[in-house]
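**Student:** Here is the input, now give the coordinates:
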Amino acid sequence: MGRSIEEQVRMSQSEHALIYVSRSNSNLHDVSASETIRNILTQSRVKNARLGVTGALLFSEGYFCQILEGEHAAVEEIFSAIERDVRHRDITLLSFRPATPRRFPNWSMAYAGSSAGPDWTRKMEGLLANPSQIDGDVFGRELLVLMTDLVRQQERDEP
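**Tutor:** The predicted model follows:
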């Protein structure tokens, strides 16, 4: 049975999606990058599951891109912690708005992989060098499509 109109309105007002990009504070390569990402994913999955938040993380060439989905207050709490996390710098919020349905409903934190490709890396470098020039809506939508595709690819590649 479908949701009532009141339920749908309430969900659309409370469910939010947040998209940000940041630069890593560390020179993460090879083994240290894998270990750091594994730790981030483990911590994120536990906290996100507890708060009912879903999303995806991409780490590529020293840049983090993340999408968080869930209740407004829960997403805000997690993003506030990210802003204080010493592993990040140049945190740039691209979008934080009501959003349904969730793009990653079955993932407390999907990992979109470790390479978005050189074009995305150059784009992120340019944007983070001059954050005032970012059109968060356009870049956020592009990033959402990229990460959704990368997560689907990771799902297909897993044994």
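
**Student:** Please enumerate the strands of this structure.
**Tutor:** 15-24, 54-60, 63-71, 88-98, 110-111 (DSSP state E).

**Student:** Flag every buried residue along the fourth one.
**Tutor:** Same thing as strand 88-98. 88, 90, 91, 92, 93, 94, 95, 96 (16 or more other CB atoms under 10 Å). In this view, the C-beta of every residue, glycine as well, is placed from N, C-alpha and C.

**Student:** Direction included, what does that strand pair against?
**Tutor:** strand 15-24 (antiparallel) (DSSP bridges).

**Student:** got the angle for the strand it pairs with vs strand 54-60?
**Tutor:** Counting by axes from the mean of the first three to the mean of the last three CA atoms, to 10 degrees, strand 15-24 points 20 degrees away from the direction of strand 54-60.

**Student:** Residues in contact with strand 15-24: which ones?
**Tutor:** Here strand 15-24 makes contact (CB atoms under 8 Å, 6 or more residues apart in numbering) with 59, 62-72, 75-76, 79, 82, 87-100, 102-103, 124, 127-128, 136, 140, 143-144.

**Student:** Which members of those are classed as buried?
**Tutor:** Applying 16+ other CB under 10 Å to those flags 59, 62-70, 75, 79, 82, 88, 90-96, 99, 102-103, 124, 127-128, 136, 140, 143-144 as buried.

**Student:** Kindly state the beta-bridge partners for residue 64.
**Tutor:** residue 22, residue 59.

**Student:** where does this protein have low pLDDT?
**Tutor:** Low-confidence regions of the chain, defined here as pLDDT under 70, cover residues 1-13, 27-31, 113-140, 154-159.

**Student:** can you rerun that using 80?
**Tutor:** Scanning the chain with the threshold set as pLDDT under 80 gives 1-13, 25-34, 60-62, 112-159.

**Student:** Which stretches in it count as helices?
**Tutor:** 5-14, 30-51, 72-84, 118-129, 136-157 (DSSP state H).

**Student:** Quick one: residues contacting the nearest residue in space to residue 51 that is not next to it in sequence.
**Tutor:** Once flanking residues are discounted, residue 51 sits nearest to residue 74: 4.0 Å by CB to CB, 6 or more residues apart in numbering. Counting by CB under 8 Å, 6+ apart, residue 74 touches 51, 52, 53.

**Student:** Can you tell me which of those residues is nearest residue 36?
**Tutor:** For the contacts of residue 74, the closest approach to residue 36 (CB to CB) belongs to residue 53, at 20.6 Å.

**Student:** thinking again about what came up before, any chance of the strands of the chain in a markdown table, plus distance to residue 40?
**Tutor:** As requested, the strands of the chain are exported to a markdown table (distance: least, CB to CB, whole Å):
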| stretch | distance to residue 40 |
| --- | --- |
| strand 15-24 | 10 |
| strand 54-60 | 7 |
| strand 63-71 | 8 |
| strand 88-98 | 10 |
| strand 110-111 | 9 |
